[in-house]
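*Asks:* Can you look at this prediction? I've put the sequence above it.
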Amino acid sequence: MSNISVVIPALNEEEPIVGVVRECFATNIPSEIIAVDNGSTDRTAERAREAGARVVSEPRHGYGRACLAGIRAIAPESEIIVFLDGDGSDCPEFMNQLVDPIAAGTYDFVIGSRTRGQRELGSMNFQQVFAGRLAGWLMSILYGVRYTDMCPYRAIRREALEKLSMKEETYGWNLEMQMKGARLGLRILEVPVNHRRRAGGVSKVSGTLRGTFVAGARIIATFVRIAIHTSA
């Protein structure tokens with residue numbers, strides 16, 4: 001198995017973070033697990049460290065900022081990076097299905113699809129499902145690559161990620177990776193993954209009306225920015 005780093009962005013996830021880290025270690029896949037404390041006001045960092053993760057801090061809120069901080073912290077020998085959320089909703093037991101096609105040299109980027117897997121009741125709302133499918137349809141028109149989700153649970157070859165020159169610092173991060181990956185012709189695979197309700201805390205996206213609006217606005221802005229750049 002290649003050297004694999006897991007990056008877990010986390011903001012006020014002290015309840016679920018221990019379980020997430022331990023489940024990742026239980027797969028015997030990652031060489032390291034990096035939890036990025038994205039300005040938490042609770043014991044997220046302390047709890048992640050207790051579970052065995054290496055904790056780095058990115059005090060400025062922003063999902064993309066946390067992911068970028070995690071990338072900067074990975075070991076030099078790391079070849080594959082796995083991203084998943086710290087709320088316990090992603091299922092680490094599916095990690096092999098994400099990393100094996102990359103380790104085999106067949107694909108560069110493998111993304112989980114919650115809409116194609118089994119979803120626990122209440123784990124995704126209608127807006128999340130609709131947004132993922134709509135974005136996937138639009139990207140199929142632009143690039144000929146069809147996605148069914150903007151799932152945060154994904155794995156990518158490090159060399160491929162470096163070519164994407166990721167810039168988005170907020171909730172458009174996942175979409176930016178998918179659009180740029182398709183635009184650059186990465187070998188992309190989407191696989192079904194199961195999805196659970198969060199294990200604790202409050203969702204920063206679907207938990208409040210403001211969170212839903214802000215995330216939606218950032219995703220739309222990201223799509224327009226990258227689509228315009230593509231056609232320019």
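*Replies:* Ah, there it is. Numbers count the residues shown, from 1 in each chain.

*Asks:* so what's the most centrally placed residue in the chain scoring on pLDDT?
*Replies:* Most central in the chain under CA atoms, centre = their mean is Pro152, positioned 2.7 Å from the mean C-alpha point. On pLDDT, Pro152 comes in at 96.

*Asks:* Using the three-state scheme, assign it.
*Replies:* Three-state call for Pro152 (DSSP: H, G, I helix; E, B strand; the rest coil): coil.

*Asks:* surely it meets Leu84?
*Replies:* Yes - Pro152 is within contact range of Leu84, at 6.4 Å (criterion: CB atoms under 8 Å). Glycine gets a C-beta too; all of them are placed from N, C-alpha and C.

*Asks:* what is in contact with these two at once?
*Replies:* Common contact partners of Pro152 and Leu84 (CB atoms under 8 Å, 6 or more residues apart in numbering): Asp90.

*Asks:* Relative to Tyr171, how far out is Gly105?
*Replies:* Per CB to CB, to the nearest Å, Gly105 is found 32 Å from Tyr171.

*Asks:* pretty sure Ile34 belongs to a strand, no?
*Replies:* Yes - Ile34 forms part of a strand when assessed by three-state DSSP.

*Asks:* Which residues does it form beta bridges with?
*Replies:* With DSSP bridges as the criterion, Ile34 is bridged to Val7, Arg54.

*Asks:* Next, count neighbours for it.
*Replies:* 24 (other CB atoms under 10 Å).

*Asks:* I'd say it and Glu58 touch.
*Replies:* No - Ile34 lies out of contact with Glu58 (CB under 8 Å); the separation is 11.0 Å.

*Asks:* Next, the contact list for the residue nearest to the centre of the chain, please.
*Replies:* Counting by CB under 8 Å, 6+ apart, Pro152 has contacts Phe83, Leu84, Asp85, Asp90, Asn174.
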